[in-house]
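J.: based on what follows, work out the 3D shape:
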Amino acid sequence: MAERPVAVVTGTSRDVGKYVALGLGQAGWSILGLYRNPQHESDQEGIIRRVRAFKGGVKMSVLGANLLDENTPDLIEEAREINVFAQLRLVDKLIDNLAVGGKIVYLNSYPAHRFGLSQEFKRELLGDYINTAQSHFEGEQALRSRIPEFTERDIRLAIVVGNGLDGTFVTRLLKLGNKEFVSQMLSFSELGYFPTVMDMATSVVKVIRGNYPTGRTEYVGLARRYQLYPSRPLGLELFGG
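T.: Presented below is the predicted three-dimensional model:
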């Protein structure tokens with residue numbers, strides 16, 4: 001009997017991470033789940049011990065499946081700790097246990113994916129979401145910078161970008177406190193409304209099970225004319241203030 005493929009998924013307690021784990025489980029995968037907590041690195045160590053117990057190695061890792069909820073200005077460093085440094089530490093700990101042909105999938109929002117790459121979202125319009133957007137952008141860029149290393153190890157990186165997610169905590173807060181920002185996000189929509197958590201999770205599972213080249217960006221709920229990844233940042237220093 002063939003061994004079940006193994007996936008490590010962050011944020012499995014709710015929203016996208018939960019449904020990614022369910023979707024992969026239904027497809028016959030074994031799931032090791034992590035819950036967001038930047039203070040408990042011991043949780044990651046426990047996951048790594050379990051990973052090493054699987055002889056075939058991990059087939060993939062899903063990062064950033066739960067977007068950071070707190071967005072007050074004094075939490076930018078905590079946002080970076082969760083969305084950049086904790087993700088990179090997990091990659092470093094997993095990389096020697098990723099099987100040949102394994103995948104790393106990073107989830108991002110459209111405003112964060114485009115942060116510093118275009119002038120579509122003005123800083124004042126982002127409001128309190130700016131800390132989350134900047135830290136998620138930095139997390140994505142940090143992973144993209146490691147594509148040569150991943151390629152040498154025959155590991156592929158994919159980015160899945162959603163244009164807001166209907167029903168999530170973050171989207172509900174934005175609808176209450178930043179309607180202009182929400183309206184702008186909706187203007188980028190493919191169908192005039194936000195995709196659901198299930199839509200995002202389904203796309204993530206599709207990327208995981210598909211055969212895509214490294215560096216692929218999969219867009220969820222965005223009109224095609226906005227599905228263009230710029231070649232370089234516009235004036236944003238990585239990890240800068």
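J.: show me where this structure dips below the pLDDT cut-off.
T.: 1-2, 35-76, 117-125, 228-241 (pLDDT under 70).
J.: can you pull out the strands in it?
T.: With DSSP state E, the ranges of strands along the chain come out as 6-10, 30-34, 58-63, 98-109, 156-162, 216-220.
J.: now those strands in JSON lines, with distance to Ala79 and mean neighbour count?
T.: For the C-beta atoms, the positions are set from N, CA and C on the backbone; glycine is no exception. Compiled in JSON lines, these are given as follows (distance: least, C-beta to C-beta, whole Å; neighbours: other C-beta atoms under 10 Å):
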{"stretch": "strand 6-10", "distance to Ala79": "15", "mean neighbour count": "26"}
{"stretch": "strand 30-34", "distance to Ala79": "17", "mean neighbour count": "19"}
{"stretch": "strand 58-63", "distance to Ala79": "15", "mean neighbour count": "26"}
{"stretch": "strand 98-109", "distance to Ala79": "13", "mean neighbour count": "22"}
{"stretch": "strand 156-162", "distance to Ala79": "18", "mean neighbour count": "24"}
{"stretch": "strand 216-220", "distance to Ala79": "22", "mean neighbour count": "20"}
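J.: among these, which is nearest Ile82?
T.: strand 6-10 (9.6 Å; C-beta to C-beta).
J.: that older thread, kindly reformat the strands of the chain as JSON lines containing distance to Lys175.
T.: Below are the strands of the chain laid out as JSON lines (distance: least, C-beta to C-beta, whole Å):
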{"stretch": "strand 6-10", "distance to Lys175": "25"}
{"stretch": "strand 30-34", "distance to Lys175": "28"}
{"stretch": "strand 58-63", "distance to Lys175": "26"}
{"stretch": "strand 98-109", "distance to Lys175": "14"}
{"stretch": "strand 156-162", "distance to Lys175": "16"}
{"stretch": "strand 216-220", "distance to Lys175": "19"}
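J.: closest to Ser183 out of these?
T.: Closest among these, using C-beta to C-beta: strand 98-109, at 15.8 Å.
J.: any idea how far the residue nearest in space to the middle of the chain is from Ile159?
T.: Nearest to the mean C-alpha position of the chain, by C-alpha atoms, centre = their mean, lies Leu107 at 1.9 Å. Plainly put, Leu107 is 8 Å away from Ile159 if you go by C-beta to C-beta, to the nearest Å.
J.: now swap in Val6 and tell me
T.: 21 Å.
J.: what of Pro195?
T.: 16 Å.
J.: swap in Asn97?
T.: In terms of C-beta to C-beta, Asn97 sits 22 Å off from Ile159.
J.: would you map the helices across this structure?
T.: 15-26, 41-52, 76-80, 86-94, 110-113, 123-126, 130-144, 147-152, 169-177, 179-187, 197-209 (DSSP state H).
J.: and of those, who's closest to Asn163?
T.: helix 110-113 (4.5 Å).
J.: contacts for that closest one, please.
T.: 121, 126, 129, 132-137, 140, 159, 161-164, 181, 185, 188, 217, 219, 222, 226, 229 (C-beta atoms under 8 Å, 6 or more residues apart in numbering).
J.: identify the residues contacting Pro213.
T.: With C-beta under 8 Å, 6+ apart, Pro213 has these contacts: Arg156.
J.: and it, how close does it get to Tyr193?
T.: 30 Å.
J.: hang on, the earlier thing: bridge partners for the residue nearest to the centre of the chain, pull those for me.
T.: According to DSSP bridges, the residues that bridge with Leu107 are Val160.
J.: Gly17 versus Arg172, what's the distance?
T.: 18 Å.
J.: thanks a lot, see you next time.
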